[in-house]
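In: Coordinates only, no sequence provided:
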């Protein structure tokens, strides 16, 4: 999920195996992340409407 109340915004993931959260700063700042979806290969696409950009997050396995 996207945590939007911090600067820069962060992307947060919960690891089911370790039962821990991981966070990463969104390099462009995030603005307002309106939508996120996964790609067929497991990466993440985010629509950052406040910045008028689309971001691709490459998820390592």
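Out: Right, received. Where do you want to start? Quantities reported herein were computed from a predicted structural model and do not represent experimental measurements.

In: Give me the neighbour count for the closest residue to residue 26 other than its chain neighbours.
Out: Leaving aside its sequence neighbours, residue 26 sits nearest to residue 9 (CB to CB, 6 or more residues apart in numbering; 4.8 Å). Heads up, the C-betas are built off the backbone N, CA and C, glycines and all. Residues within reach of residue 9, counting by other CB atoms under 10 Å, total 21.

In: Residue 9 reaches residue 1, doesn't it?
Out: No. Residue 9 is not in contact with residue 1 according to CB atoms under 8 Å; the separation is 10.7 Å.

In: Now do the helices in this structure.
Out: Under the criterion DSSP state H, the chain carries no helices.

In: Closest to the centroid, which residue in it?
Out: Geometric centre of the chain, nearest residue: residue 11, 3.7 Å, by CA atoms, centre = their mean.

In: correct me, but that one touches residue 2?
Out: Yes. Using CB under 8 Å, residue 11 is in contact with residue 2, at 6.1 Å.

In: Overlap in contacts, these two.
Out: Counting by CB atoms under 8 Å, 6 or more residues apart in numbering, the shared contacts of residue 11 and residue 2 are 26, 46.

In: residues contacting residue 13?
Out: Contacts of residue 13 (CB under 8 Å, 6+ apart): 21, 22, 23.

In: Residue 25: neighbouring residues, count only.
Out: 13.
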